[in-house]
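*Asks:* model the structure of this input:
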Amino acid sequence: MDNLTRGTLLKKGAEASLYLAEWHGRRAVIKMRLPKTYRPTQLDQQIRRQRTVREPQLMHEAKLAGVSTPLIYLVDVANAVIVMEYLDGKQVKQVLDNLPPEERRDLCVVIGGLIGKLHVHGVVHGDLTTSNMILASNGKVSLVDFGLGEKNTELEAQGVDLHLLKRALQSTHFQNANACFTAVLEGYRQVLGSEGTERVLEKIREIERRGRYIADRQQP
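*Replies:* Coordinates of the predicted model:
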């Protein structure tokens, strides 16, 4: 970990903490998976190491699929630390609701296309929120935080991935959620085609039905 100076805390999440750093004279992000005291020590080490190994692999797979992700500078498996490129830009969460309707729609179509490319390549992001999408000044969108992702070609996993995004839009961008998700599906359809998209949509509807059933069972 030479030539690395940890600086400002960017984000403290349940799974890891992100710090803005200097890495060989360039800005970088340090992702640190800190020990979880509620887990047995050996199990905790295993989980943190596995996720530290898997995340860069998924980011590489995403690049092969044509999806922009940060460059990986260093992976320290023993300490569960990843050093990666700092992406200049803003979280889509910060800008989406302030865009003109046509620009917002176009951005969501692009996002849907990126998700489609991941799914065609067998990558499930696992945490699709507008906080994990970076919009550069030139309009390029990059996906970050693959810590909960996996290699999975199953329809269930793809449906859950998109369902999570739908829920995130409803929660964070509720005024534009329906239009945004429709545009996301348009971009997704451009990659998977109508038949493939309809299969995933049916899986999303099934997931939503299951959720309502569980909620109804929990009512007194």
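
*Asks:* for the rest of this, base every contact and every neighbour count on C-alpha atoms.
*Replies:* OK.

*Asks:* let me see the ranges of the helices in the chain.
*Replies:* Ranges of helices in the chain, per DSSP state H, are 41-64, 92-95, 101-120, 155-172, 177-218.

*Asks:* the inter-axis angle of the longest one versus helix 155-172?
*Replies:* Using axes from the mean of the first three to the mean of the last three CA atoms, to 10 degrees, the direction of helix 177-218 lies 110 degrees away from that of helix 155-172.

*Asks:* before we move on, what about the third one?
*Replies:* Relative orientation of helix 101-120 with respect to helix 155-172: 150 degrees, computed using the same axes, to 10 degrees.

*Asks:* give me the mean pLDDT for helix 101-120.
*Replies:* For helix 101-120, the mean pLDDT works out to 98.

*Asks:* can you give me the offset of it from its chain's centre?
*Replies:* Here helix 101-120 is found 13 Å from its chain centre; the criterion is CA atoms, centre = their mean, to the nearest Å.

*Asks:* show me what it is packed against.
*Replies:* helix 177-218 (3 or more CA pairs under 8 Å, 6 or more residues apart in numbering; DSSP states H and E).

*Asks:* rerun that using 10 Å as the cut-off
*Replies:* helix 41-64, helix 92-95, strand 123-124, strand 141-143, helix 155-172, helix 177-218 (3 or more CA pairs under 10 Å, 6 or more residues apart in numbering; DSSP states H and E).

*Asks:* can you check the shortest one too?
*Replies:* Contacts of helix 92-95 with other secondary structure elements, assessed using 3+ CA pairs under 10 Å, 6+ apart, are made with helix 101-120, strand 133-135, helix 155-172.

*Asks:* next: the fourth one.
*Replies:* For helix 155-172, the helices and strands in contact under the criterion 3+ CA pairs under 10 Å, 6+ apart are helix 92-95, helix 101-120, strand 123-124, helix 177-218.

*Asks:* buried residues in the second one, which are they?
*Replies:* Spelled out, it's helix 101-120. Using 16 or more other CA atoms under 10 Å as the test for burial, helix 101-120 gives 104-120.

*Asks:* returning to that earlier point: so which of the helices and strands packed on helix 92-95 is nearest Thr182?
*Replies:* Across these, the minimum distance to Thr182, taken as CA to CA, is reached by helix 101-120, at 8.5 Å.

*Asks:* CA atoms of the closest one as PDB?
*Replies:* The C-alpha trace of helix 101-120 is given here as PDB (Å, rounded to 0.1, in the frame of the first residue of the first chain):
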ATOM      1  CA  PRO A 101     -37.800  15.700 -19.600                       C
ATOM      2  CA  GLU A 102     -36.200  14.800 -23.000                       C
ATOM      3  CA  GLU A 103     -32.700  14.700 -21.600                       C
ATOM      4  CA  ARG A 104     -33.900  12.700 -18.600                       C
ATOM      5  CA  ARG A 105     -35.600  10.200 -20.900                       C
ATOM      6  CA  ASP A 106     -32.500   9.900 -23.000                       C
ATOM      7  CA  LEU A 107     -30.300   9.300 -20.000                       C
ATOM      8  CA  CYS A 108     -32.600   6.600 -18.700                       C
ATOM      9  CA  VAL A 109     -32.500   4.900 -22.100                       C
ATOM     10  CA  VAL A 110     -28.700   4.900 -22.000                       C
ATOM     11  CA  ILE A 111     -28.800   3.400 -18.500                       C
ATOM     12  CA  GLY A 112     -31.200   0.700 -19.600                       C
ATOM     13  CA  GLY A 113     -28.900  -0.200 -22.400                       C
ATOM     14  CA  LEU A 114     -26.000  -0.500 -20.000                       C
ATOM     15  CA  ILE A 115     -28.000  -2.900 -17.800                       C
ATOM     16  CA  GLY A 116     -29.000  -4.900 -20.900                       C
ATOM     17  CA  LYS A 117     -25.300  -5.300 -21.800                       C
ATOM     18  CA  LEU A 118     -24.500  -6.500 -18.300                       C
ATOM     19  CA  HIS A 119     -27.300  -9.100 -18.400                       C
ATOM     20  CA  VAL A 120     -26.500 -10.300 -21.900                       C
END
